[in-house]
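Asker: sequence and computational prediction follow.
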Amino acid sequence: MKKGIFLLHYIPCSYFIICSLCILWNADMINFLGLTLLLLFSGLLFFRRTAFRMSVGGLMLVASFYFLLALIDEAGDARVAGRDAGMLLGWGMSLIGLSALMSILLILPLNMPQKAPVYQRK
């Protein structure tokens with residue numbers, strides 16, 4: 001197995017599968033978001049289609065930016081709440097940042113050319 005495929009495909013899919021399992025584990029009832037993400041990334045793990053990978057990665061990147069904006073909105077309330085809220089904001093920021101990084105890895109194509117065709121001369 002190539003290192004590029006492992007880095008660009010299997011690690012981000014596994015990360016999002018673990019996140020969706022955590023969503024399902026913490027839910028009181030069946031959580032459709034966690035179940036949808038689990039099915040989506042489990043299917044993506046086994047079927048490596050470029051357009052599907054890029055669209056799911058873009059969707060998760062947009063969701064990461066949305067949750068980042070929500071976390072920034074809550075940062076103002078964290079000053080009033082105290083120290084524990086600041087620690088939760090730090091963990092939330094790291095989780096959202098890691099999700100954005102994994103989304104970018106999904107957007108990148110698996111077979112990137114070594115050199116751009118413009119620079120190849122005969």
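Answerer: On my side now, so go ahead. In this text the structure is predicted, and so the values were computed from the model without any measurement.
Asker: now for the residue nearest the centre of the chain: which residues touch it?
Answerer: Compute the mean C-alpha point of the chain, and by Cα atoms, centre = their mean the closest residue is residue 99, 3.4 Å away. Going by Cβ atoms under 8 Å, 6 or more residues apart in numbering, residue 99 touches 15, 16, 19, 60, 63, 64, 67. Using the backbone N, CA and C atoms, a C-beta is placed for each residue, glycine as well.
Asker: and it, what element?
Answerer: Per DSSP states H and E: residue 99 is located in helix 83-107.
Asker: show the average pLDDT along that helix.
Answerer: Mean per-residue pLDDT for helix 83-107: 86.
Asker: for stretch 36-54, same thing?
Answerer: Computed over stretch 36-54, the average pLDDT equals 87.
Asker: then that stretch to CSV, C-alphas only?
Answerer: Backbone C-alpha positions of stretch 36-54 (Å, rounded to 0.1, in the frame of the first residue of the first chain) are rendered in CSV as follows:
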residue,chain,number,x,y,z
THR,A,36,-25.4,9.1,8.6
LEU,A,37,-21.7,10.0,9.1
LEU,A,38,-20.9,6.4,10.0
LEU,A,39,-22.5,5.0,6.9
LEU,A,40,-21.0,7.8,4.7
PHE,A,41,-17.4,7.3,5.8
SER,A,42,-17.7,3.6,6.0
GLY,A,43,-18.7,3.5,2.4
LEU,A,44,-16.0,6.0,1.5
LEU,A,45,-13.4,3.9,3.3
PHE,A,46,-14.0,1.0,0.9
PHE,A,47,-14.9,2.8,-2.3
ARG,A,48,-12.3,5.3,-3.3
ARG,A,49,-14.1,7.5,-5.9
THR,A,50,-12.4,10.9,-6.4
ALA,A,51,-15.5,13.0,-6.9
PHE,A,52,-17.2,11.4,-3.9
ARG,A,53,-14.1,11.9,-1.7
MET,A,54,-13.8,15.6,-2.7
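Asker: what's that stretch in contact with?
Answerer: Counting by Cβ under 8 Å, 6+ apart, 5, 9-10, 13-14, 16-17, 19-21, 23-24, 56, 106-107, 109-110 sit against stretch 36-54.
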